[in-house]
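>>> with the sequence up front, the predicted model follows.
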There are 2 protein chains.
Amino acid sequence: MNRNENSAVAAPAAGRKPVVPRRALRDGVYDAILERLLDGSTPPGSSLGIDSLARELEVSPTPVREALVQLEHTGLISRVALKGYRVAAPLSSEQLAELFDMRTILETAAVERAVSQVDDLVPELRAAHARQVLCAHRVRKLRGADGRPTDFSDLREYFAADWEFHLTIIRASGNRFLLKTAESLSAHVHRLRQTADHGTTDLEQAVDEHAAILAAFESGDPERPLVAMREHLAAVARRVSAAG
Amino acid sequence: MNRNENSAVAAPAAGRKPVVPRRALRDGVYDAILERLLDGSTPPGSSLGIDSLARELEVSPTPVREALVQLEHTGLISRVALKGYRVAAPLSSEQLAELFDMRTILETAAVERAVSQVDDLVPELRAAHARQVLCAHRVRKLRGADGRPTDFSDLREYFAADWEFHLTIIRASGNRFLLKTAESLSAHVHRLRQTADHGTTDLEQAVDEHAAILAAFESGDPERPLVAMREHLAAVARRVSAAG
DNA sequence: ATTGAATAGATCCTATAGGGTCTATGATCC
DNA sequence: GGATCATAGACCCTATAGGATCTATTCAAT
């Protein structure tokens, strides 16, 4: 999610970002817990004790508490007052369908609005896609005879590049609310990736489909990017639900 | 927003709501601060001191801190680490256009998905509209010679009924992510209402346009609700930006 | 007069302690 | 044997205190 350019700190809902992001302790705690949630080390249903986390992270309960409140709105954890926080259950098949339906709503709308800015978009999209291809190559190269990558950090980087491709289009829509909503959905998307570790298998397909989207934007036809994006999201949804 | 059926407490991202919502102190603080933000008693730019709020609300800083973290994600307040919280500036004309663009994206998508459930939807929509008409009548009756309503609680009720009409359609879409996103946007929508107090003047128009949407659903034509909703949102956007 | 540093106040951030609630275990009664 | 109640432990929730940071004012120097 947003770990590099931190949108939580100094979140200017209507202002410019500070050149040097000022971070309090609670922001670091937020990242640490998010990391645990996304790499799957905390199974769904397990309780997130405030005191436990504070001891493990060697901080006081107060920043932990704030980080959990912030995490609550992502849907990755659920809270019951006077009972505590728990890791949210993985998305059901219905919720999964709803998630990709929502992504289709948002990202097709983004494409519709991005076609008018195609001149600014295409270079950025080319760069984003190039980075993804590079990461994909690195992952493909490293995975040995077992077919699974040895270094997960490369996989993480690939996922980030993949998602960045989508974000580039959404940013080009010029709608801040659209972007913010898509970012809030990214947590679920990322968690899906590690749950279904087939993420390594559909790597080439995703790269190809992104290439198709890029080519569609380059064509100048305002309709082609729409169908390309729709097909890509449908294909991803198919692959994800097939693994479930 | 969600003050009656509290979605913050015991938020089951994938579960049933508890029959009796368990509330901690921080939930009440959240409501209290939200109230202050929406009724305009705290002008944009004013700082929200944690200790100050704690003294005024007669609680300790900790629950105030948690409530502020929760409010931060609504966009109504902005935070700068090590500096504090401030009431966010009102939406600029561009942001306002983006907000209504986003609403159009979400609500037209909701309409598209709701038409398949039209049999379940129409009765609920009729009831919601009836409540809105009732509230509108009450407001219209009460406002005296000065043309402004004397009791603001009636106006609040009308706004709630208006928004409930939209929520009813969005719920019928069956997409939880869509619903959640719309709810998170409601804070901005409600703040707009009180900022531009012309909310009392376009009361009849809004009721009429809602009636048109309802009639469109009743017609059975799947296209008519779409255009009715689009026109309604465009009309609201026009009225809002005209007052700005 | 303007710039610069230094000080004081306020505020945020973090840590620690105590009260209240919930869950679980074990004993008692029917 | 099953159910009810009591007790103990863990945890959440709230309150208070101290350290760190920022802003504003004041004063001195150029």
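Perfect, thanks for sending it.
>>> so for stretch A:141-161, mean pLDDT?
Taken as a whole, stretch A:141-161 has a mean pLDDT of 74.
>>> and what of stretch A:51-64?
Rounded mean pLDDT across stretch A:51-64 is 88.
>>> what does it contact?
Outside stretch A:51-64, the residues within contact range by CB atoms under 8 Å, 6 or more residues apart in numbering or on different chains are A:24-26, A:29, A:32-33, A:50, A:68, B:62, B:65. (Glycine included, C-beta is placed from N, CA and C.)
>>> residue boundaries of the helices in chain A?
Assigned by DSSP state H, the helices in chain A fall at A:25-38, A:50-57, A:61-72, A:93-114, A:118-142, A:152-172, A:176-195, A:203-219, A:224-243.
>>> need the phi and psi values for the closest residue to A:V115 other than its chain neighbours.
Distance criterion CB to CB, 6 or more residues apart in numbering or on different chains; nearest residue to A:V115, sequence neighbours excluded, is A:P222 at 4.6 Å. Dihedral pair for A:P222: phi -70, psi -20, per degrees, to the nearest 10.
>>> surely A:P222 touches A:A114?
No - taking contacts as CB atoms under 8 Å, A:P222 lies outside contact range of A:A114: 10.0 Å.
>>> give me the more crowded residue out of these two.
A:A114 (26 against 15; other CB atoms under 10 Å in any protein chain shown).
>>> and the more buried one, what pLDDT?
pLDDT recorded at A:A114 is 97.
>>> name the nearest residue to it, ignoring sequence neighbours.
Nearest one to A:A114, counting by CB to CB, 6+ apart, is A:A172 at 3.9 Å.
>>> the domain parsing of chain A - what is it?
Following automatic domain parsing, chain A resolves into domains at A:25-87, A:93-243.
>>> mind putting these into JSON lines with distance to B:F217?
Below are the domains of chain A laid out as JSON lines (distance: least, CB to CB, whole Å):
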{"stretch": "domain A:25-87", "distance to B:F217": "30"}
{"stretch": "domain A:93-243", "distance to B:F217": "20"}
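>>> buried residues of stretch A:32-42, list them for me.
A:32-34, A:36-38, A:42 (16 or more other CB atoms under 10 Å in any protein chain shown).
>>> cool, and stretch A:230-238?
Applying 16+ other CB under 10 Å to stretch A:230-238 flags A:232-233, A:236-237 as buried.
>>> got a markdown table for those, with pLDDT and distance to chain B too?
Formatted as a markdown table, the entries for the buried residues of stretch A:230-238 read as follows, by pLDDT from 0 to 100; distance: CB to the nearest CB, whole Å:
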| residue | pLDDT | distance to chain B |
| --- | --- | --- |
| A:H232 | 98 | 18 |
| A:L233 | 97 | 14 |
| A:V236 | 94 | 16 |
| A:A237 | 93 | 14 |
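>>> I'd like those residues written out as TSV, with distance to A:R126 added.
As requested, the buried residues of stretch A:230-238 are exported to TSV (distance: CB to CB, whole Å):
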residue	distance to A:R126
A:H232	17
A:L233	21
A:V236	21
A:A237	26
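>>> out of those residues, which is nearest to B:L99?
Distance to B:L99 across the buried residues of stretch A:230-238 (CB to CB) is lowest for A:L233, with 24.7 Å.
>>> report the contact partners of that closest one.
By CB under 8 Å, 6+ apart, the neighbours of A:L233 are A:100, A:103-104, A:107.
>>> let's see that with 10 Å instead.
A:100-101, A:103-108, A:166, A:209 (CB atoms under 10 Å, 6 or more residues apart in numbering or on different chains).
>>> then A:E66?
A:24-27, A:29-30, B:62, B:65-66, B:68-70, B:72.
>>> if we look at DNA strand D, which of these are close to it?
B:62, B:66 (CB under 7 Å from any atom of the strand).
>>> how many neighbours does the residue in chain A positioned nearest to DNA strand C have?
Proximity of chain A to DNA strand C (CB to the nearest atom of the strand) peaks at A:L25, 2.1 Å away. A:L25 has 16 neighbouring residues, counting by other CB under 10 Å.
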